[in-house]
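**Q** Turn this into a structure:
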Amino acid sequence: MAQEGTPPSAPGPRLLSIIIPCYNEARTVAEIVARARAADTGGLERELIVVDDGSTDGTAAALAVSADVRVLSHHANRGKGAAVKTGLAAAHGDIFLIQDGDLEYCPDDYRIVLEPLLAGKADAVLGTRFAGERPRFFFGQRRSPFFTHYIGNLAIVRLTNLLYDAAISDYEGGYKAFRREAVAGLSITADGFEFDNELVCKLMRRGARITEVSIRYCPRGYEEGKKIRWTDGVRILWTIVRWRFAPLD
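**A** Okay, the predicted model is just below:
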């Protein structure tokens, strides 16, 4: 019981909004929804919001059997960032978590991602794929096929750390979580993959407490539906530079 004259402490987070942007993920989205539904959220209630970004492969039909999921749809493909923004605008949670619609990332990591937020130690959490183990490209059974992606990611991270005086190891991973108040009123202009970069760069400029946690990563190939291209990398680099110097809203 609070002492007389002492205001009660603010209640902790109660609801987690899991936002799943997807485009042509009919093969995987139902499984991701099932895993997200069953994942340990550290005692938080959850709402599942899937944003179908103009899919043409039957993704909508794959989602029709999920009665406890809010499905929002774009009539045409607008980009991952646009889908995430649609999900954020509809979310009611105290914490937002972004989950890709494929199987590259494991919802069993939710508890790890959420822990710094639940403990009040961070405003935003980034899942890093490289904190525990660097990918191998040339030898071994677990070698990654995406050497050029890794080099591009290094360039993105090093530029960000240089311009924003940061020390992150990876923020192109598929798991990011935020307290609602950290992103409240934050205007994001990007509609593509560079959405993540604009969001994180603006959070850093706001002075948000950002921490990283190690997550698992199982990369898929382009024949399995991977979508990011080198042109997205160019937009990402420009976004990092632009929002270091452009005025914030």
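**Q** From now on I want contacts and neighbour counts done on CA atoms only, so please keep to that.
**A** Noted.
**Q** name the helices or strands packed onto the lowest-mean-pLDDT helix or strand in the chain?
**A** In the chain, the helix or strand scored least confidently by mean pLDDT, DSSP states H and E is helix 147-164, which has a mean of 86. Of the remaining helices and strands, those touching helix 147-164 by 3 or more CA pairs under 8 Å, 6 or more residues apart in numbering; DSSP states H and E are helix 195-206, helix 230-245.
**Q** ranking those by mean pLDDT, which is last?
**A** Of all these, mean pLDDT reaches its minimum on helix 230-245 (a mean of 93).
**Q** Pull out the buried residues from that one.
**A** For helix 230-245, burial by neighbour count (16 or more other CA atoms under 10 Å) applies to 233, 235, 236, 237, 239, 240, 241, 243, 244.
**Q** burial measure for residue 168, as a count.
**A** The number of residues packed near residue 168 is 16, by other CA atoms under 10 Å.
**Q** The one 5 residues further on now?
**A** Neighbour count for residue 173, taken as other CA under 10 Å: 20.
**Q** Let me know the helix or strand that residue 127 is in.
**A** strand 124-128 (DSSP states H and E).
**Q** so that strand versus helix 195-206, what angle?
**A** For strand 124-128 against helix 195-206, the angle by axes from the mean of the first three to the mean of the last three CA atoms, to 10 degrees is 130 degrees.
**Q** which residues are contacting strand 124-128?
**A** Contact with strand 124-128 is made by 113-114, 116-117, 169-171, 173-179, 182, 208-215, as judged by CA atoms under 8 Å, 6 or more residues apart in numbering.
**Q** repeat that for 10 Å
**A** For strand 124-128, contacts defined as CA atoms under 10 Å, 6 or more residues apart in numbering pick out 95-97, 105, 109-110, 112-117, 168-180, 182-183, 200, 203-204, 208-217.
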